[in-house]
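K.L.:
3D, please:
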Amino acid sequence: MNEILKNTASEHAKALASGEYTAAELAKACIAEANNRKSLDAFNSLDAALIELQAKASDERRKKGQTLGPLDGIPIAVKDNICAKGEKVTCSSKFLENFEAPYDAHVIERLRAAGAVLFGRTNLDEFAMGSSTENSGLRLTKNPWDESRVPGGSSGGSASVVGANIVPLALGSDTGGSIRQPASFCGLHGLKPTYGTVSRYGLVAFASSLDQIGPFARSAEDTALLLNAIAGHDMRDSTSNPSSDKIPAPFEGPLPDSDLKSLRIGYYVPENQEGYSKEVLAACEKAAKHFEQKGATLVPIKSKFWDYSIPIYYILATAEASSNLSRFDGIRYGKRAKGEDLKEVYIRSRTEGFGPEVKRRILLGTFVLSAGYFDAYYGKAQKAKALIHNEYVSFFKNVDFILQPTSPTTAFKIGEKAKNPIAMYQSDVLTIAANLGGVPSMSVPAGLDSLGLPIGLQITGPHFSDQRLIRYAANFAEIPGFAIGGAVAAKPNGSKAAAITQTARNGAGSSAPVILQAKSASKPAASRPAALKKATSGKPAPTAKRASGKSPTRGKSSGKKLTVRKAVSKAGKPAKKVSAPAAKKRTTKKATGKKK
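P.N.:
Here you go, the predicted model:
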């Protein structure tokens, strides 16, 4: 690995400004490392020529004294459900394998205006529906710390490339933990901003009332750097909040000790700790004790509603997904199967184009939106969501932040939970509530477990406290053993789990990543804080899942056939076509729910 790749984005910005190296040299180093780490299978496409062209343009601006800002020349990977004009936006689905975006998403416009180098399209769970990136219809991404393990999901590709030091920054999307959980698994900072802070224009919609774009980074300062570039009001997104224009601000560093002394930190300990790693809980207690010793007041909290966050989430998210994904009908864009009549075209296109997890969610969402069940399920879930929102408002009248684990465990083995959706959902049990409440929430690195896998802790703040939350996140790097850097040498994938999982899921091996003309080149220990020495017992923790997904957004297809070169090869046999019986026909009908 080129040593410069260990730099953070902020360090790259300083080096570029001083002339230590050029944007073109940085881009070539990143491309070479992407080639070195091809086994991660993290990119759906990577056009080296386009990357180098952007980097050279940055160098030319710098020579003329026309630098556009601190992100000018910095490589940033983009999750493959965010539109970039002229590039494929696949959502890692066979349905959109050849869809070309006709316009730029708001965040892409912002990054281009900042001079950033857009560095490839990263893999995800199909339409952002998943917690491990195993639901991708194109390839199976691995964790950079141990390639026999998942990187988390749904933004697993973005987390993997930042965790592997291929790029310093990446964009993801978070519907129920899809930034924070992969950040935890890959040892990164991952922020889900306050809902409405970052425009969703150009994000392929999964659950419109929950989706939010956010940054992956290797430091709190870099997190603020990327958030400053993408946050702000956008008239094209009806859920964009005018207050978001106040979010961008210079990063002021960690909170000083004087501020820590006045902090009140809400501390959440799960009542039923079955399924939780003792090392994850110990890391959380270590952090709590650290801040208590700094003078902060720990306030144990208990939610009345978090135990119900998973069923609430899965009613609302699947209902919105059913509505949003109804646009994929084989007529307007995406895959079109042959059929004797229009109805058969609809059914075959959706049956062949969607993977099993997407079909599962469309089925559930269509059910809860049906006339006989709308009030019983969807209506009640909306009321429950409002209760969670109001409870967060109540919590933050008494505490400044809430501290808890990001995920019950560290990264699990590939294939370990692939056949058990309920067990998979459990990995997001701690992240979903923040999406339902619309509050900013961030995963921060908290050292490594005894297997050398990253541990993540989650901190949550009041609405629009994003910048102060990031400053608080910077304080965690001061805790001994918590700052871990990127994964520079992952363990080899010694199991066949990856191939088995991919074959079982899609009936075919993963397609080769599209890399176009790329150039070669301890157990954390802690005693319980004094304020928390209580035995905990009670209800089992809810099963959970996070997703974040999308559907070609508000834009229309350009009508053009994609001209970008396809993947080099596809291993395995094509997925078997399924003729849909009557029950499946009902599953694939367009949802009657109103689009968000």
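
K.L.:
most distant residue from the middle of the protein?
P.N.:
Glu340 (39.9 Å; Cα atoms, centre = their mean).

K.L.:
tell me the pLDDT of it.
P.N.:
The model reports Glu340 with a pLDDT of 93.

K.L.:
begin at 20, not 1, for the rest of this chat.
P.N.:
With 20 as the first residue, the last one maps to Glu359.

K.L.:
so it sits in a helix?
P.N.:
No: under DSSP: H, G, I helix; E, B strand; the rest coil, Glu359 sits outside any helix and is assigned coil.

K.L.:
contacting residues for it?
P.N.:
With Cβ atoms under 8 Å, 6 or more residues apart in numbering as the criterion, no residue contacts Glu359. Placement of C-beta: from N, CA and C, glycine included.

K.L.:
what's the answer for Thr109, then?
P.N.:
For Thr109, the contacting residues are 63, 99, 115-116, 118, 140, 157, by Cβ under 8 Å, 6+ apart.

K.L.:
which element is it on?
P.N.:
Using DSSP states H and E, Thr109 sits in no helix or strand.

K.L.:
for the residue nearest to Pro261 when sequence neighbours are not counted, give me its contacts.
P.N.:
Leaving aside its sequence neighbours, Pro261 sits nearest to His252 (Cβ to Cβ, 6 or more residues apart in numbering; 5.0 Å). Each residue near His252 by Cβ under 8 Å, 6+ apart is listed here: 218, 259-261, 263-264.

K.L.:
make it 7 Å
P.N.:
By Cβ atoms under 7 Å, 6 or more residues apart in numbering, His252 lies in contact with 259-261, 263-264.

K.L.:
what's the pLDDT at the closest residue to Gln200 other than its chain neighbours?
P.N.:
Excluding the flanking residues, the one nearest Gln200 by Cβ to Cβ, 6+ apart is Gly171, at 4.6 Å. On pLDDT, Gly171 comes in at 97.

K.L.:
swap in the one 4 residues further on?
P.N.:
With respect to pLDDT, Gly175 has a value of 98.

K.L.:
again, but for Lys603
P.N.:
Reading off the model, Lys603 has pLDDT 38.

K.L.:
repeat for Gln292
P.N.:
The per-residue pLDDT reported for Gln292 equals 89.

K.L.:
Ala302 contacts Pro473, correct?
P.N.:
No: Ala302 lies out of contact with Pro473 (Cβ atoms under 7 Å); the separation is 10.2 Å.

K.L.:
which one of those two has more residues nearby?
P.N.:
For Ala302 versus Pro473, neighbours defined as other Cβ atoms under 10 Å are more numerous around Ala302 (27 against 24).

K.L.:
could you list the buried residues of the helix or strand containing the more buried one?
P.N.:
Using DSSP H and E, Ala302 sits in helix 297-312. Burial within helix 297-312, assessed by neighbour count using 16 or more other Cβ atoms under 10 Å, is assigned to 298-311.

K.L.:
and those as a markdown table, adding pLDDT?
P.N.:
Listed next are the buried residues of helix 297-312 as a markdown table, based on pLDDT from 0 to 100:
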| residue | pLDDT |
| --- | --- |
| Glu298 | 98 |
| Val299 | 97 |
| Leu300 | 97 |
| Ala301 | 97 |
| Ala302 | 98 |
| Cys303 | 97 |
| Glu304 | 97 |
| Lys305 | 98 |
| Ala306 | 98 |
| Ala307 | 98 |
| Lys308 | 97 |
| His309 | 98 |
| Phe310 | 98 |
| Glu311 | 97 |
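
K.L.:
helix or strand right after the helix holding Ala302?
P.N.:
Past helix 297-312, the next helix or strand by DSSP H and E is strand 316-319.

K.L.:
partners of that following strand, with directions?
P.N.:
Here strand 316-319 is paired, per DSSP bridges, with strand 283-286 (parallel).

K.L.:
I'd like the average pLDDT over the strand it pairs with.
P.N.:
Average pLDDT, strand 283-286: 98.

K.L.:
ok, now stretch 120-134?
P.N.:
Per-residue pLDDT over stretch 120-134 has a mean of 98.

K.L.:
can you check stretch 185-203 too?
P.N.:
Stretch 185-203 comes out at a mean pLDDT of 98.

K.L.:
and the residue nearest to Pro261, backbone torsions?
P.N.:
phi -70, psi 140 (degrees, to the nearest 10).

K.L.:
and Gln423, by the same measure?
P.N.:
Backbone torsions of Gln423, given as degrees, to the nearest 10, read phi -160, psi 170.

K.L.:
quick one: it and Ala465 touch, right?
P.N.:
No: with contact defined as Cβ under 7 Å, Gln423 does not count as touching Ala465 (11.4 Å).

K.L.:
have a look at these two and say which one is more surrounded.
P.N.:
Ala465 (29 against 22).

K.L.:
returning to that earlier point: buried among the contacts of His252? Need that as a selection in ChimeraX.
P.N.:
Of these, the buried ones go into a single ChimeraX selection, burial set by 16+ other Cβ under 10 Å:
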select :259,260,263
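
K.L.:
all strands for this protein, in order.
P.N.:
Ranges of strands in the chain, per DSSP state E, are 62-66, 94-98, 136-141, 188-193, 208-211, 231-236, 283-286, 316-319, 420-424, 460-467, 473-479, 533-535.

K.L.:
which one of these has the poorest average confidence?
P.N.:
strand 533-535 (a mean of 47).

K.L.:
remind me which residues of the stretch 20-169 of the chain are low pLDDT?
P.N.:
Within the stretch 20-169 of the chain, no range satisfies pLDDT under 70.

K.L.:
returning to what we had before: reformat the contacts of His252 into CSV and put pLDDT and distance to Ser177 next to each item.
P.N.:
Converted to CSV, the contacts of His252 look like this (pLDDT from 0 to 100; distance: Cβ to Cβ, whole Å):
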residue, pLDDT, distance to Ser177
Ser259, 98, 22
Asn260, 97, 24
Pro261, 96, 28
Ser263, 96, 22
Asp264, 96, 26
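
K.L.:
quick one: which of the contacts of His252 is nearest to Phe324?
P.N.:
Relative to Phe324, the closest of those is Asn260; by Cβ to Cβ it sits at 23.4 Å.

K.L.:
so what's the nearest residue to that closest one once chain neighbours are set aside up against?
P.N.:
Take Asn260 and drop its neighbours on the chain: the residue closest to it by Cβ to Cβ, 6+ apart is Gly215, 3.3 Å away. If a contact means Cβ under 7 Å, 6+ apart, then Gly215 has 258-260, 263 as its contacts.
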